[in-house]
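**Q** What would the 3D arrangement of this be:
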Amino acid sequence: MKSKPDSTREKVLAAATRLFQTQGYNATGLKEILEESGSPKGCLYYYFPNGKEELALEAIKLATEFIKRKIKQAFDEHSDPVAGIQYIIGTMIKDLSQEGNLRGLSISLIALETYLSNEKLSNACKEAFIALEEIFSEKLMKSGYSREMAQELGMMVQVMLEGALILSVAKKDTKSLELVNTQIGALLEQDNKFIK
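**A** Reported below is the predicted structural model:
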């Protein structure tokens, strides 16, 4: 998610991604996306001929790529998986502390509201979550965990982060994320004992 998109298509997509992440799919209208992006009315169906659903699918991809880059960057900077995950959580806490800043944190809002109503969007969210789990799993395997243990822990880390984020948003505080931040080391160290 560039700070200043170059093309009209990128502007529309960036605005849609921000709005879907902060307001959800159903609460975001096409007119609002166009206003947010500063784009003319006719451009939306030119760039996204299948309308809002196609735009949302692209927004999910864009948000997921952004989140993946953030996670990979944290792991590039921290060889220890616990330190990397704690860095990620610290970034989430900082971002969430800025009022209404859910951008680049999660696609869970879209996933929650479309899981029964839109199979395409639901599947895109599912694939996004799996891709994020795989990044955690790969890091854990590189750190010596067996493939099976790394896959289970990768899923567990993703579940803990998403769950803590949702609770932090609902409670309007970061205590859930802070708890995960302090407990993640104990969880991974405990499971690491079984592989050595």
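**Q** which regions of this protein sit below the pLDDT cut-off?
**A** 1-6, 99-102, 190-196 (pLDDT under 70).
**Q** Next up, phi/psi of L62, please.
**A** Note on L62: its backbone torsions stand at phi -60, psi -50 [degrees, to the nearest 10].
**Q** Which helix or which strand is home to the residue nearest to it when sequence neighbours are not counted?
**A** Residue nearest to L62 in three dimensions, not counting chain neighbours: T17, with 5.0 Å by CB to CB, 6 or more residues apart in numbering. For glycine as for every other residue, the C-beta is placed from the backbone atoms N, C-alpha and C. In the assignment (DSSP states H and E), T17 maps to helix 8-23.
**Q** likewise A83?
**A** helix 81-97.
**Q** could you point out which element follows that helix?
**A** helix 108-114.
**Q** how far is that following helix from where the chain is centred?
**A** Its chain's C-alpha centre and that of helix 108-114 lie 12 Å apart, by CA atoms, centre = their mean, to the nearest Å.
**Q** who touches the helix or strand just after it?
**A** Reading on from helix 108-114 to the C-terminus, the next helix or strand found by DSSP H and E is helix 119-142. The contact list for helix 119-142 (CB atoms under 8 Å, 6 or more residues apart in numbering) reads 25, 53, 56-57, 60-61, 63-64, 67-68, 71-72, 75, 81, 84-85, 107, 110-111, 114-116, 147, 149-151, 153-155, 157-158, 162, 188.
**Q** Neighbours of the residue nearest to L62, how many?
**A** Neighbour count for T17, taken as other CB atoms under 10 Å: 25.
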